[in-house]
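> whatever this is, show me its structure:
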Amino acid sequence: MKKKAHYSAIHLQRCNKSNYRASVGLSVVSILDPRLRGINEEEDERVRIYEAHHALLQAVACWPENVTLLLNVVSKPNIAYPLRGKIEITLFLSVTACEKHLAMAEVLSRHTVLIALLNNHLPAVEFKSILDLNELAGRLTPFKSGSAVSIERRRERLSVAIPTPGQDGQPIGFLTSLTTPQKGPAMDLDSLEIPYMFPWTPATRDFSEIVEALLWHPAPFWLNVRVRPISVSAATVKGLTEALRKCEEFLLHRQGEKTVLEIQARALRLAIAERLQQLGEHVLRGGVFLCSPVDLDEAIISTVADTISARPRETDSEIVFKGGYQTRSIPPEAVSDPGFFSEEEPFTASEIVCALRIPHPQKSSCPGLPIKRFRTVLAQPARDADYNKETAILGMSVHRGYEQPVLVSADDRMRHMCILGQTGTGKSTLLQHLIIQDIRAGRGLCLLDPHGELVEAVLNRYPKERKDDLVLIDFVDRDFYIPMNFLKWRTSEERDFIIDELYATVDRLYNLVQTGGPMFEQYFRGMLRLLMGD
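Residues are numbered from 1 along each chain as shown. Okay, here's the model as predicted:
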C-alpha cells in the first residue's frame, strides 16, 4: 500500500556553488462558477479581481529578496477534440539559501503563509498543495521549449524639445526651432532626449477569454510569470530624477506657450513623478515568458500580450505615457531557471499584476478551465468527545483544501435516515461506507438489496475477523435455497395480522378501491383463512 504524504513535496536543486533552491507547488483545483460569485456587473467584477491580486502581490513584495513566486499556465491541447483540452495552472514558491535544510525549512514556512494569503484574497479559487515530487517536477518544467519570447514593457527615447518630423523632413506643429529660448541660456537639444519605459496598464480582457484560442492550437503553450521582491537601486532613482529635471528645464524655457510639445512635456513630467512616487513603496522584479515546443506564432504572442497590458487608446483626449508592450526572443532553456529575469527595471505591484493573475471566467462555460458549479462551506470541527464506537463517519467535508470529517451519532441514525439523489451520485457508496463501519465496530445489521450490486460491494470489503457472523440469503442461488413461508403463524392474532398486511400490500400495488371492491376483499380474506387453517 502506498504511503500517503501529508506535507508538500519539495523540489531541491543547486543554484550555484554556495546556494540551494527549494520549491513547492500549489495547483489550481477549481475556479468558482461566476454565477455563484455574486457577479452584478461584469466590469465591476474585473476591477474587484484586479484589486484582489494587487493586494496579494503587495503582501508578497514585503518578503525578502530570496523568495520567488512563479505562475505557470500551460495549455494541454486535444488534437482530436480541441475543446476537451485542459489548462493547467500552478503557483510555485521558491526560496534560496546557503544550506539545504535552511531552504527547505523556509519554503515550508512561507508556503503556509502563502496559502493563508490566497484563501483571503482569492476565495473563488481553490488551491491544493502538490504532494508528489514527480508531479511537482513535471509542472515546474512541463515540456522542453523549442522557442521562447519575453513579454516586456515598451521602451522609447523621447525628446521633449524636437517635434516628430513629417514626410518632408520638416517638423510637425507650430514650433520649428528651439535654438532661441525665451529665457535663460541656449538649450542643448540632444540633452533633452529621455529614455522612457511605458508602465503596463490592466487589459480589459481576462486570460480565460483566450483559452479557447490556445486549445485549438495543436502545440502546447507555456506562460510563465515570476516575481521576486527587490529594493529600488540608486541608479533607477537617479535616472528618473534626471528625466524629471529635463522636463522641468524645457518647461522653464517654454513658459507661457501652449504648444503640443509643452503639453507632451507636462504629461511626461507627471508620469515620471508618479513613477518615482510608486517606487517609494515595495517593488518587485518580474518576468513574463511565453514558450512552445514549436516556433511561436506572432499572432498568438500578440493575443497573449494583449491580455496582459492594454494598448494606448487612440481616442484619449490627452497624451498618456502608459500601456503597450514589446517582445524579444530569449534562450528557451532560460525559462526553466526560476532565477532568470529579462528586465532589470523594477515592477510595481500595479504593473506586474497585469500578468500574474489567476483566470476568473466571466461565463459559466469556459473549456479547459476547472469550473466548480457548487459552493462549499467549512464543516463544524468535530470535538474529541464526538469520537466514540457508536459514531459513524458520513464522509469528509473538503473546503479550500481543508478536510474535516462529518460525524453522525447512533441516536440520530436510529431516528431514521433518508438518502436521496440521482443515479450515480453516490447513494450506494455512502451506504456501503456506513455498513463497513458498523461491521468493523462489531455492530449487527441487516441489508436488503433487490439488485445485488451493493451486497457484492460489501462482501468484497467484508472483514475476515467477522466471517462467522455473516448470513447471506440469496434467493437466486439454487444450490443454497432458503425456505420461507410467509403464511406461517402461531397464534390467531398473527394469522389475522398476516392477512391484513398481505391485503394492504396488494392494495398498494393495484389500488383495490378501483380494481377490487368489497366483495374481492371478502373473498380474499376468506380464502386466506381457509388456506391457513385455524
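
> so where's the stretch 201-350 of the chain uncertain?
Across the stretch 201-350 of the chain, the ranges flagged by pLDDT under 70 are 254-259, 313-319.

> please enumerate the strands of it.
222-230, 283-292, 326-329, 347-348 (DSSP state E, counting those that start in this stretch).

> and residue 118, which of the ones you listed is closest to it?
Residue 118 lies closest to strand 222-230 among the strands of the stretch 201-350 of the chain, at 14.6 Å (Cβ to Cβ). Quick note: C-beta positions are derived from backbone N, CA and C, even for glycine.

> re the thing from before, quick one: the strands of the stretch 201-350 of the chain as TSV, columns for distance to residue 459 and mean neighbour count too.
Shown next, in TSV, are the strands of the stretch 201-350 of the chain (distance: least, Cβ to Cβ, whole Å; neighbours: other Cβ atoms under 10 Å):
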stretch	distance to residue 459	mean neighbour count
strand 222-230	49	22
strand 283-292	52	24
strand 326-329	63	12
strand 347-348	62	26
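
> can I get those in CSV including distance to residue 392?
What follows is those, written out as CSV (distance: least, Cβ to Cβ, whole Å):
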stretch, distance to residue 392
strand 222-230, 47
strand 283-292, 51
strand 326-329, 60
strand 347-348, 54
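
> and the longest helix seen in the chain, how far out from the chain's middle?
Using DSSP state H, we find that the single longest helix of the chain is helix 100-121. Computed by Cα atoms, centre = their mean, to the nearest Å, the chain-centroid distance of helix 100-121 equals 18 Å.

> same question, stretch 474-486
Relative to its chain's centre, stretch 474-486 lies at 56 Å (Cα atoms, centre = their mean).

> ditto for stretch 50-70
With Cα atoms, centre = their mean, you get 17 Å for stretch 50-70.

> if you count neighbours, what's buried in that stretch?
Neighbour counts over stretch 50-70 (16 or more other Cβ atoms under 10 Å) mark 50, 52-61, 63, 66-70 as buried.

> before we move on, what about stretch 449-463?
454, 455, 457, 458, 462.

> now do stretch 362-381
Buried residues in stretch 362-381 (16+ other Cβ under 10 Å): 362, 366, 367, 368, 369, 370, 371, 379.

> determine the number of other residues adjacent to the residue nearest to the fourth one when sequence neighbours are not counted.
What that stands for is residue 368. Distances taken as Cβ to Cβ, 6 or more residues apart in numbering put residue 87 closest to residue 368, at 4.1 Å, once the chain neighbours are dropped. Number of residues near residue 87 (other Cβ atoms under 10 Å) recorded here: 23.

> walk me through which strands the helix or strand where residue 87 lies pairs with, and which way each runs.
Element membership of residue 87, judged by DSSP states H and E, is strand 86-97. In the sheet, strand 86-97 lines up against strand 20-32 (antiparallel), strand 67-76 (antiparallel) (DSSP bridges).

> okay if I get those strands as TSV plus mean pLDDT and distance to residue 483?
Listed next are the strands paired with strand 86-97 as TSV, based on pLDDT from 0 to 100; distance: least, Cβ to Cβ, whole Å:
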stretch	mean pLDDT	distance to residue 483
strand 20-32	94	55
strand 67-76	95	61
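
> could I get the ones you listed as JSON lines with distance to residue 472?
JSON lines is the format used below for those (distance: least, Cβ to Cβ, whole Å):
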{"stretch": "strand 20-32", "distance to residue 472": "41"}
{"stretch": "strand 67-76", "distance to residue 472": "47"}
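
> do you know which of these lies nearest residue 442?
Minimum separation from residue 442 across these (Cβ to Cβ) falls at strand 20-32, 37.8 Å.

> for that closest one, buried residues please.
Residues of strand 20-32 classed as buried by neighbour count (16+ other Cβ under 10 Å): 20, 21, 22, 23, 24, 25, 26, 27, 28, 30, 31, 32.

> beta partners of the second one?
Listed beta-bridge partners, residue 21: residue 13, residue 96 (assigned using DSSP bridges).

> ok, now which ones touch it?
12, 13, 14, 15, 94, 95, 96, 103, 338, 339 (Cβ atoms under 8 Å, 6 or more residues apart in numbering).

> and those residues, which is closest to residue 300?
Taking the contacts of residue 21 together and measuring to residue 300 by Cβ to Cβ, the closest member is residue 338, at 24.1 Å.

> so the closest one is in contact with residue 22, correct?
No. Here residue 338 does not reach residue 22: they are 10.7 Å apart, not a contact under Cβ atoms under 8 Å.

> so what sits against both of the two?
Here residue 338 and residue 22 have residue 94 as joint contacts, going by Cβ under 8 Å, 6+ apart.

> let me know the average pLDDT across the longest helix of the chain.
Averaging pLDDT along helix 100-121 gives 94.

> quick one: the helix or strand following it to strand 86-97, angle?
Using DSSP H and E, the helix or strand that follows helix 100-121 in sequence is strand 125-129. Counting by axes from the mean of the first three to the mean of the last three Cα atoms, to 10 degrees, strand 125-129 lies at 60 degrees to strand 86-97.

> let me know the angle separating strand 125-129 from helix 100-121.
Using the same axes, to 10 degrees: strand 125-129 against helix 100-121 is 160 degrees.

> could you export strand 125-129 as PDB, CA atoms only?
Taking C-alpha atoms only, strand 125-129 is exported to PDB below (Å, rounded to 0.1, in the frame of the first residue of the first chain):
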ATOM      1  CA  VAL A 125     -10.000  29.800  -6.500                       C
ATOM      2  CA  GLU A 126      -9.300  26.500  -4.700                       C
ATOM      3  CA  PHE A 127      -5.600  25.600  -4.400                       C
ATOM      4  CA  LYS A 128      -4.200  22.200  -3.500                       C
ATOM      5  CA  SER A 129      -0.600  21.500  -2.400                       C
END
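
> what's that strand packed up against?
strand 20-32, helix 100-121 (3 or more Cβ pairs under 8 Å, 6 or more residues apart in numbering; DSSP states H and E).

> what comes up buried for it?
Those would be 125, 126, 127, 128, 129, for strand 125-129 by 16+ other Cβ under 10 Å.

> who does it pair up with?
strand 20-32 (antiparallel).

> any idea of the angle the next helix or strand after the strand it pairs with forms with strand 86-97?
Reading on from strand 20-32 to the C-terminus, the next helix or strand found by DSSP H and E is helix 42-60. If you take the same axes, to 10 degrees, helix 42-60 sits at 20 degrees to strand 86-97.

> ok, residues contacting helix 42-60?
So helix 42-60 is contacted by 34, 37, 39, 67, 69, 117-118, 121-122, 202, 204, 206, 227, 229, 281-282, 284, 349-350, 352-353, 356-358, 360, 362 (Cβ under 8 Å, 6+ apart).
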